[in-house]
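# Fold the stuff below for me.
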Amino acid sequence: MLIPIFININIVNAKEALGFEYYYNIWVEKSALASNYLTESEKAFENGDELTGCAALTKASNFGIEATNSLISAINTTETKDGLDNLEVGLQKWIELGEAC
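Sure, this is the predicted structure:
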């Protein structure tokens, strides 16, 4: 009777690990895209191209929001919730960036 319980615990832990990895990988991908669009936006604004700058800033914001939400989801799959407050602040900053144009 102990063996099935032990196997069941391992299955739950494996699912948690896969959930974390899934969300973490999305965060890595989306945060890289957000960073690239943010850089593109900065360059466009420096060159006086407000239309391109705003379009890139909006894309950066959208990817930043997706990335942050994925990281929050990754953390929520773990027992520790350290850093969630900071992520909520970061999420709000991404939202504000998207509303800037």
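# Give me the most central residue, this structure.
With distances taken as CA atoms, centre = their mean, the chain has residue 67 as the residue nearest its mean C-alpha position (1.8 Å).
# Can you tell me the closest non-neighbouring residue to that residue?
Beyond its immediate neighbours in the sequence, the residue positioned closest to residue 67 (CB to CB, 6 or more residues apart in numbering) is residue 30, lying 3.5 Å away. (Glycine included, C-beta is placed from N, CA and C.)
# can you tell me which helix or strand that neighbour belongs to?
helix 2-46 (DSSP states H and E).
# follow-up on the earlier one: centre of the chain to the host helix or strand of the residue nearest to the centre of the chain, how far?
Secondary structure assigned from DSSP H and E places residue 67 in helix 50-76. In terms of CA atoms, centre = their mean, to the nearest Å, the centre of helix 50-76 is found 8 Å from the chain centre.
# The closest residue to residue 77 other than its chain neighbours: neighbouring residues, count only.
Sequence neighbours aside, residue 19 is the residue nearest to residue 77 in space, at 4.1 Å (criterion: CB to CB, 6+ apart). Taking other CB atoms under 10 Å as the neighbour definition, residue 19 ends up with a count of 15.
# and what of residue 53?
Counted with other CB under 10 Å, the burial measure for residue 53 works out to 20 neighbours.
# What of residue 23?
Counted with other CB under 10 Å, the neighbours of residue 23 add up to 19.
# Over to residue 85?
Counted with other CB under 10 Å, residues neighbouring residue 85 total 9.
# any idea which element it lies in?
The secondary structure element spanning residue 85 is helix 84-98 (assigned by DSSP H and E).
# ok, residues contacting that helix?
Contacts to helix 84-98, defined as CB atoms under 8 Å, 6 or more residues apart in numbering, come from residues 34, 57-58, 60-62, 64-65, 68-69, 71-72, 75-76.
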